[in-house]
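A.B. asks: the following block contains a protein sequence and its predicted model.
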Amino acid sequence: MGRIYNYLVAVASAMGGFLFGYEIGVIDQVLIMDSFGLEFGLKYNHSVNGTLVKTPNSADISGWITFTFLVGCVVGAALTSILADRIGRRYSIFVGSVLFMIGGAMQTGASHIAVLYVGRIISGMGVGLMSAVVPLYISETAKTDVRGTLISTYQLMITFGILIASCINAAILSTLTGDVEWRLALGMQMVPAAILWGLIIILPFSPRWLVDRGREEEALQSLAKLRSAPADSEAVRTEFASIKESALHEKKIGSVTWLELCKAGIRNRVAIGVVLQCFQQWTGINVILYYAAELFKDMGFSSAHAGVTFVIANAAINFVATFPGMWLVERIGRKLLMIIGGFLMGGAHMLICLFLGLSHETPGLSWAAMVFVYVFTISFASTWGPVVWVYQSEIFPMRVRAKGTACCTMSNWIWNAIIAKITPIMLTSITFYTYIVFGSFGIIMAIFVWIFVPETKGKSLEDMDDIFGHVPGEPVDDIRQKSIRDSVIAMDSLKNKPVLH
């Protein structure tokens, strides 16, 4: 039962990922809606002999609609370093969903491009905050042997959100016209946000955060509830002692500042997390997610197939392919999965480029290019998609976990924004050779992981110092001996108290 409850907690909190996925799926198709283009001068702005003509700066407007959301995500990720420690992981998720709801309402009711931009920024802040806090929260509440799988539910919910949004938008495109078309598509974002509000009720506080705040009895009760075991059971006592031991060690070192991230034993973790999140964006996944409809059209397929059929197929593949990654992350480990994924994605990009080049003389080879787009999607969804979130959420000590996770997540969103802006330029200037660039990064990232990234599978959060190095402070053995004694005394004083459910 403990594992079942852990899965429920993970799925409930990972609704934050669903909001992000739904946002991606919505905007990809809203941007090609005629009514949306007419409203904001994105697609057409005047008529010549009865024919609507595109506005000269339509590409720039489209880029800003994407870019403003990503700027908000960077800000939201930065807020994690403050909110996650001060109000806790649980309430931070709630704040993120509120921001997303406010931004969604502004986008739905927007009648001026400035209001749309502000709404995009506020929604992005909510998504950026949740993208850092949700994996962090799951890592602190999950059991060690399923931690990777449960954190991966965040990525699974992103892909599920993309799939659901694509299907709903396809139905809207086929049945509605006028302003109601895009306003309903954007307004539907608020439904999963409202669901997340309700699910917050079942989420417990992170036991590790409670210990860090000195609320040890609450932490014990929360841990017992998460493990569906009595507070005085041996398993709960042992885990609680380990959590408290780690917390005591970190408190001995002193107060937490941003400079803490530069200390030996921490800076290597920050560097690895920041680089992995950078590489996750240079896989080229957002080229596929943000510009899928345009990419398939450029391959020579009809607008109907490119904008609906193939987009939905890609979203479905992205969702289904996440499940193998959730299983493999605890079977073959984080490191090997990222190495395999890097080589597979690199190879897929190279073949997409090859077949697109050959399709100019043999149009039928466009189908081969499309197949390898799907191969790439499968490779990403089952490796780098979930694993990077897993890895960054488990490597930091409790005292700097919020700040370290915030830095890594900011790296993700900053590179996401950069790539979203430069991709249209790359596709225009170097055309299908763009895939060579992303393919090369696939090979580079696999080699980086092989050389620099240690394995964390099967290790508790409190064991990460043994892998990455201890933070300079008091001798570890002395702290450990004292903390174990204190933990045993604390457990003896609490074991006869009732557990609150």
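C.D. replies: Received it, and whenever you're ready, just let me know what you need.
A.B. asks: got a list of what the residue nearest the centre of the chain touches?
C.D. replies: Centroid-nearest residue in the chain, with C-alpha atoms, centre = their mean: Ser131, separated by 4.8 Å. Contact analysis of Ser131 by C-beta atoms under 8 Å, 6 or more residues apart in numbering lists Gly16, Gly17, Phe20, Cys73, Gly76, Ala77, Tyr154, Thr409, Asn412, Trp413. C-beta coordinates here come from the backbone N, C-alpha and C atoms, glycine included.
A.B. asks: export the residues you listed as CSV, with columns for neighbour count and pLDDT.
C.D. replies: Shown next, in CSV, are the contacts of Ser131 (neighbours: other C-beta atoms under 10 Å; pLDDT from 0 to 100):
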residue, neighbour count, pLDDT
Gly16, 31, 90
Gly17, 25, 92
Phe20, 27, 90
Cys73, 31, 96
Gly76, 31, 96
Ala77, 29, 95
Tyr154, 30, 93
Thr409, 31, 95
Asn412, 27, 95
Trp413, 26, 94
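A.B. asks: sort out for me which of those residues are in strands.
C.D. replies: Residues of these located in strands (DSSP state E): none.
A.B. asks: closest to Gly307 out of the residues you listed?
C.D. replies: Proximity of these to Gly307 (C-beta to C-beta) peaks at Phe20, which lies at 21.7 Å.
A.B. asks: can you name the residues that contact the closest one?
C.D. replies: Applying C-beta under 8 Å, 6+ apart to Phe20 gives the contacts Val127, Met130, Ser131, Ile158, Gly161.
A.B. asks: now the third one, what's its secondary structure?
C.D. replies: The assignment at Ser131 comes out as helix when based on DSSP: H, G, I helix; E, B strand; the rest coil.
A.B. asks: how about the contacts of Ser131 in a markdown table, adding distance to Gly333?
C.D. replies: Below are the contacts of Ser131 laid out as a markdown table (distance: C-beta to C-beta, whole Å):
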| residue | distance to Gly333 |
| --- | --- |
| Gly16 | 26 |
| Gly17 | 22 |
| Phe20 | 26 |
| Cys73 | 29 |
| Gly76 | 30 |
| Ala77 | 27 |
| Tyr154 | 19 |
| Thr409 | 23 |
| Asn412 | 22 |
| Trp413 | 27 |
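A.B. asks: and the contacts of Phe20 as TSV, adding pLDDT and distance to Arg86?
C.D. replies: Below are these laid out as TSV (pLDDT from 0 to 100; distance: C-beta to C-beta, whole Å):
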residue	pLDDT	distance to Arg86
Val127	95	20
Met130	95	16
Ser131	94	19
Ile158	93	26
Gly161	93	28
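A.B. asks: between these, which is nearest Asp465?
C.D. replies: Among the contacts of Phe20, and counting by C-beta to C-beta, the member closest to Asp465 is Ser131, at 25.7 Å.
A.B. asks: buried ones in stretch 438-455?
C.D. replies: Neighbour-count burial for stretch 438-455 flags Phe438, Gly439, Phe441, Gly442, Ile443, Met445, Ala446, Phe448, Val449, Val453, Pro454 (criterion: 16 or more other C-beta atoms under 10 Å).
A.B. asks: how close does the third one get to Thr434?
C.D. replies: Yep, that's Phe441 we're talking about. Per C-beta to C-beta, to the nearest Å, Phe441 is found 11 Å from Thr434.
A.B. asks: burial count for Ile138?
C.D. replies: By other C-beta atoms under 10 Å, the residues close to Ile138 number 28.
A.B. asks: I figured it hits Ala12, correct?
C.D. replies: No - using C-beta atoms under 8 Å, Ile138 makes no contact with Ala12, being 10.1 Å away.
A.B. asks: quick check, Trp384 in contact with Gly342.
C.D. replies: Yes - counting by C-beta under 8 Å, Gly342 is a contact partner of Trp384 at 7.3 Å.
A.B. asks: so what sits against both of those two?
C.D. replies: Both Trp384 and Gly342 are contacted by Phe279, Met445, under the criterion C-beta under 8 Å, 6+ apart.
A.B. asks: and these two? Which one has more around it.
C.D. replies: Per other C-beta under 10 Å, whichever of Trp384 and Gly342 has more neighbours is Trp384, with 29 against 25.
A.B. asks: please, which helix or strand holds the closest residue in space to that one that isn't next to it in sequence?
C.D. replies: Excluding the flanking residues, the one nearest Trp384 by C-beta to C-beta, 6 or more residues apart in numbering is Gly341, at 4.9 Å. Using DSSP states H and E, Gly341 maps to helix 334-358.
A.B. asks: so for that helix, mean pLDDT?
C.D. replies: Averaged over helix 334-358, pLDDT sits at 96.
A.B. asks: buried ones in it, by neighbour count?
C.D. replies: For helix 334-358, the neighbour count (16+ other C-beta under 10 Å) marks 334-356 as buried.
A.B. asks: burial of Lys252, as a residue count?
C.D. replies: Quick note: Lys252 (other C-beta under 10 Å) scores 14 neighbours.
A.B. asks: quickly note the distance from it to Gly37.
C.D. replies: According to C-beta to C-beta, Lys252 and Gly37 sit 60 Å apart.
A.B. asks: what do you get for Ser302?
C.D. replies: In terms of C-beta to C-beta, Ser302 sits 19 Å off from Gly37.
A.B. asks: before we move on, back to that, so the residue nearest to Trp384 sits right up against Ser382, yeah?
C.D. replies: Yes - with contact taken as C-beta under 8 Å, Gly341 and Ser382 are classed as touching, separated by 7.1 Å.
A.B. asks: okay, and the residue lying closest to Val98 once chain neighbours are set aside sits in which element?
C.D. replies: Counting by C-beta to C-beta, 6+ apart, Val98 lies nearest to Gly126, which is 7.2 Å off, once chain neighbours are set aside. Using DSSP H and E, Gly126 maps to helix 113-141.
A.B. asks: residues of that helix that come out buried?
C.D. replies: Buried-residue list, helix 113-141, by 16+ other C-beta under 10 Å: 116-141.
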